[in-house]
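# predicted model and sequence follow; I will ask about them next.
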Amino acid sequence: MSNFVSPLTEAVAAGQKAVAVDAAMIAKLTDMAGDFAINLSIALIILVVTVFVSKWAAGVTRRALSRVRGFRHDPTVLSFAVQVVRVVVLIVGFIAVLQRLGVQTTSIIAVLGAASLAVGLALQGTLSNVAAGVLLLVLRPYRVGDVIDIGGVAGSVQRLDLFTTQMSNANNHKIVVPNSKVLGDTILNLSGQKTRRVEINFTVGYGEDLNAARRVLAAVAELHEKVLPDPAPWTGVTGLLDSAVQITLHAWVESGDWWQTQADLMQGGKEALDAADIEIPFPHQVAVPYGDEDVMPVVTVRTAEQKAERDRVSGADEALQGEG
């Protein structure tokens, strides 16, 4: 009987021990789940607070820089600095979230450091855009609102981000150019100066009075209200073309008045030359017989003066024939 009781007692003891172990494990798992739930809740709170703090810090940065005289009227610096502050706050908040969830950020930093070469090679284009954006902010070749030409693409600068420069052209098309391309290409700032020069080329016939033509064009520029008196408008002969003499008109205007003033001077110059009876020659196609009449005539280009001279000679021949 005692031999039968002893194994039974051992089985009961083992069962009690297993139950105790299970209870301890359950208690431990419960504690772990409770701790994780608490940490997860705190991490979510930190994440939400980080988002709000990033917006608040961005607003504070914008207001603070707006009070600085050098940055008050410079939206380029404002938008760039606000974006940098917001990104930095978000990065700090995400690190705090990972630490709260038990992730060893030092290990992550070590892994990122070991993989920095591969990441740098994979993201060299993106990183170069960031570096170019910082250099553009420091060098300041243009500002928001300037009209620039980058590699033949012209537009008004709307925004300078960490990665891109956003522009809009005269047709209101949105143009996005990577900062690395902007920094590596020729930047033509069309509105970077307060004044701009209008340059228009006119052509007059070889038989016209060139001084009279120059005076007519200069008078058109001097009478225009948008043309600046200093430097004064200038005209001069700048080319002897095949069928005309080229006269160039220079006039200085405010940068914002350049487009309309150029159109006005171009129209006004043409009308003034017409009113002064100064010929603006243009090419004509004249059929000249060559050899047999059955042969296809040769088409040449002649000036208005040459055509008038040919008509005069033909008219004289016809008159002689009539008298005969």
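Structure's in. What do you need?

# mind listing what's buried along stretch 43-60?
Ala43, Ile46, Thr50, Val53, Ser54, Ala57, Ala58 (16 or more other C-beta atoms under 10 Å). Every C-beta, even on glycine, is put in place using the N, C-alpha and C of the backbone.

# tell me the one among the residues you listed nearest to Asp149.
Closest approach between those and Asp149, by C-beta to C-beta: Ala58, at 31.7 Å.

# got the contact list for that closest one?
Applying C-beta atoms under 8 Å, 6 or more residues apart in numbering to Ala58 gives the contacts Val82, Gln83, Val85, Arg86.

# what helix or strand is the last one on?
Here Arg86, judged by DSSP states H and E, is contained in helix 75-100.

# next structured bit after the helix or strand harbouring His250?
Per DSSP H and E: His250 is located in strand 245-254. Reading on from strand 245-254 to the C-terminus, the next helix or strand found by DSSP H and E is helix 258-275.

# state the mean pLDDT of that following helix.
Helix 258-275 carries an average pLDDT of 94.

# how about stretch 84-98?
Stretch 84-98 comes out at a mean pLDDT of 80.

# tell me where the stretch 51-200 of the chain has strands.
147-150, 153-160, 164-168, 174-178, 187-189, 195-204 (DSSP state E, counting those that start in this stretch).

# residue contacts, Val216?
Gly269, Ala272, Leu273, Ala276, Ile278.

# go with 6 Å
Ala272, Ala276 (C-beta atoms under 6 Å, 6 or more residues apart in numbering).

# quick check: chain neighbours aside, which residue is closest to Gly192?
Closest residue to Gly192 apart from its sequence neighbours, by C-beta to C-beta, 6 or more residues apart in numbering: Asp146 at 6.1 Å.

# how close does that neighbour get to Gln166?
For Asp146, the distance to Gln166 (C-beta to C-beta, to the nearest Å) stands at 13 Å.

# likewise Glu199?
30 Å.

# swap in Leu188?
Counting by C-beta to C-beta - Leu188 and Gln166 are separated by 18 Å.

# how about Arg63?
24 Å.

# so between those two, which is more surrounded?
Under the criterion of other C-beta atoms under 10 Å, the comparison of Arg63 against Gln166 puts Gln166 first, with 16 against 10.

# the chain - how does it break down into domains?
2-114, 120-189, 195-275, 284-323 (automatic domain parsing).

# where do the strands of the stretch 201-324 of the chain begin and end?
234-240, 245-254, 284-288, 298-302.

# just to revisit the earlier point, mean pLDDT lowest where, among the domains of the chain?
domain 284-323 (a mean of 52).

# okay, now Ser168: neighbour count?
Neighbours of Ser168 (other C-beta under 10 Å): 14.

# same question for Ile148.
22.

# where's it relative to Val51, distance?
Applying C-beta to C-beta to Ile148 and Val51 gives a distance of 35 Å.

# which among the contacts of Ala58 end up buried?
Val82, Gln83, Val85, Arg86.

# surely the third one and Ala57 touch.
Yes: with contact taken as C-beta atoms under 6 Å, Val85 and Ala57 are classed as touching, separated by 5.2 Å.

# output the buried ones among the contacts of Ala58 as TSV; include the columns distance to Glu208.
Shown next, in TSV, are the buried ones among the contacts of Ala58 (distance: C-beta to C-beta, whole Å):
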residue	distance to Glu208
Val82	61
Gln83	60
Val85	66
Arg86	66
